[in-house]
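Chemist: need a structure here:
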Amino acid sequence: MPNLYLIMNHRLTEEQKQDAHSSMRVECIVEMPEDLKELWSQVPADLREIRAFLEPIRKWLQGIASPDDYVLVQGDFGACCLLVNFVSKRRMIPVYSTTSREAVEVHHEDGSVELTHRFRHRMFRRYGL
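Modeler: Numbers count the residues shown, from 1 in each chain. Have a look, this model is predicted:
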């Protein structure tokens with residue numbers, strides 16, 4: 001059975017965990033080590049090239065994941081593109097979580113508007129390459 005490796009800035013919800021086990025038949029869900037989570041959450045906005053910056057994450061994946069494992073990749077757009085390509089070339093399966101979004105607007109007497117979003121997991125979708 002495949003594993004699911006998480007490359008993202010958030011924790012999976014219980015609903016996402018259940019879906020991963022049922023729809024992708026994953027055996028184990030594996031989070032990045034704390035230092036790599038920190039790296040992923042702080043991709044510098046002023047770096048012109050981030051390939052070298054992401055090398056620790058690529059090394060971690062290469063050392064632990066196997067072909068046919070799933071890798072959930074969500075975060076900085078450019079970093080996601082690079083990691084999805086990396087994962088795909090190693091015959092791992094890159095996925096992301098799709099959500100529905102509910103927005104609620106509250107107009108206050110002082111003229112301000114409060115906007116709240118609620119996201120709900122729908123499914124995991126493979127990146128189409």
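
Chemist: from V113, how far out is the closest residue to V84 other than its chain neighbours?
Modeler: Spatial nearest neighbour of V84, chain neighbours left out: P94 (4.4 Å); criterion: CB to CB, 6 or more residues apart in numbering. C-beta: built from backbone N, CA, C; applies to glycine. Noted for P94: a distance of 37 Å to V113, by CB to CB, to the nearest Å.

Chemist: next one: M1
Modeler: Distance from M1 to V113, counting by CB to CB: 48 Å.

Chemist: show me how far the helix or strand hosting H121 is from its chain's centre.
Modeler: Secondary structure from DSSP states H and E places H121 in strand 113-126. Offset of strand 113-126 from its chain centre (CA atoms, centre = their mean, to the nearest Å): 14 Å.

Chemist: partner strands of that strand, with direction?
Modeler: According to DSSP bridges, strand 113-126 has the following sheet partners: strand 93-107 (antiparallel).

Chemist: contacts for the partner strand, please.
Modeler: By CB atoms under 8 Å, 6 or more residues apart in numbering, the residues outside strand 93-107 that reach it are 2, 16, 24, 68-74, 83-84, 87-88, 113-127, 129.

Chemist: likewise for stretch 113-120?
Modeler: 15, 99-108.

Chemist: how about 7 Å then?
Modeler: Stretch 113-120 is contacted by residues 99-108 when judged by CB atoms under 7 Å, 6 or more residues apart in numbering.

Chemist: picking up where we left off before, show me how to select, in PyMOL, the buried members of the contacts of strand 93-107.
Modeler: Per 16 or more other CB atoms under 10 Å, the buried members of those correspond to this PyMOL selection:
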select buried, resi 2+16+24+69+70+71+72+73+74+83+84+87+121+124+127
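
Chemist: the longest helix seen in the chain vs strand 113-126, what angle?
Modeler: Taking DSSP state H as the criterion, the chain has its longest helix at helix 77-89. Put simply, helix 77-89 runs at 10 degrees to strand 113-126, going by axes from the mean of the first three to the mean of the last three CA atoms, to 10 degrees.
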